[in-house]
Structure formats: C-alpha cells, structure tokens
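Please find the sequence and the predicted model below.
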Amino acid sequence: MSATTTEDALRDAMGNLSTGLTVVTTSSGGAPHGTTLSAVMSLSMDPPMIVLSLSRTSSLLARLQRGGQFGINVLAAHHDQLAIRFSRDLHDRFADLEWTDEGAPRLADAHAWVLAEVSSTVPAGDHVLVLGDVISAETSTGRPLTYWQGTFGTHQQF
C-alpha cells in the first residue's frame, strides 16, 4: 500500500468520526487571530488541561508557539458560516463580528468557551500538539455544531 493510499484511507476512516467544531483564537500584537479546528480535546481534569492539534503550516500555530493565552470557542448549531469563515484564508476573519477580548478573542454566542495558557508544544508528524493549562471554562444551553463526512450537523438527544 502506498503512502498516498494510507493517507486517503485514514482520511476516509476518520471522516466517519463525528467531531465538534471550534474556533481557536489568540491575540498577537493587539490583533485577533483564529482558525476553525475540530482537533481539540480535554487532556486532564487534575490539573485542568486541553490539547489542540494544528498543522505545522498553521499561522495560528506560529503565534501559539510564542506562548500566551488562547481561547476555544465551541461553535453552536447555527454557526456553520463561522466555521467556514475561519477555515478560509481571509485577510480579516474578525471583520464585522461581535467578539470581546477576554485574554483571547471570545466570539459572541459561542456554545462554550475555554481560556487556556500555552504550557508546551509537541511535534507529532505533520502536526504539532499544543498543550494548554485551563484558566476558565463556561458553557451555555443549546446544541453544538458537529462535523461528519464533510457536512455540518448537530447532536440529537434520544
């Protein structure tokens, strides 16, 4: 099996894993930066830690490797356009958006919010894991935005 086939097979297999969507943000030189990210997970409860997986070519990663705080804006079911906006290569992804600076840019109406401080980074293949010490976390009511096989959806309770 060639490397390309392995990559394609893994991409197809992992496309069957429904994930939540976030916009991870930070400030650099007073300017907000952010990107859509599904590779976010809780790492530890004691102490509270979070982990992100970012491509080595990510402009957000370059900023986070310098240290500082970052925000995880968990997207709500109606935030599909925000997910698309922050996944594109736009000059100012924050233009005309409501957000506040709470150590990192916090998007208005996020389903949940986590503020963390970069504690370390770990190279991992073509990505880098960013480990963060959680400073604060909040949640709201409603449903989260999910991503499965290239489509947006939400969680349904039974």
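Everything's here; your move.

Give me the number of neighbouring residues for the closest residue to Ser28 other than its chain neighbours.
Excluding the flanking residues, the one nearest Ser28 by CB to CB, 6 or more residues apart in numbering is Arg63, at 4.7 Å. Yep, even glycine has a C-beta here, placed from its N, CA and C like the rest. Residues lying near Arg63 (other CB atoms under 10 Å) number 19.

Next: the one 4 residues further on.
For Gly67, the number of neighbouring residues by other CB under 10 Å comes to 12.

please renumber so the chain begins at 39
Sure, I'll start counting at 39 from here, so that last one is Gly105.

Confirm that it sits in a strand.
No: per DSSP: H, G, I helix; E, B strand; the rest coil, Gly105 lies outside any strand segment and is coil.

Report the contact partners of it.
For Gly105, the contact set (CB atoms under 8 Å, 6 or more residues apart in numbering) comprises Glu155, Val156.

One more pass at 7 Å, please.
Residues counted as contacts of Gly105 (CB atoms under 7 Å, 6 or more residues apart in numbering) are Val156.

One more: the one 5 residues further on?
With contact set as CB under 7 Å, 6+ apart, Ile110 has these partners: Thr60, Val62, Val78, Ile88, Val152.

Give me the three-state assignment for Ala154.
Per three-state DSSP, Ala154 ends up strand.

what's the helix or strand for the residue nearest to it when sequence neighbours are not counted?
Counting by CB to CB, 6+ apart, Ala154 lies nearest to Gly170, which is 3.2 Å off, once chain neighbours are set aside. Element membership for Gly170 (DSSP states H and E) is strand 165-177.

which secondary structure elements does that strand contact?
Packing partners of strand 165-177 (3 or more CB pairs under 7 Å, 6 or more residues apart in numbering; DSSP states H and E): strand 86-93, strand 150-162.
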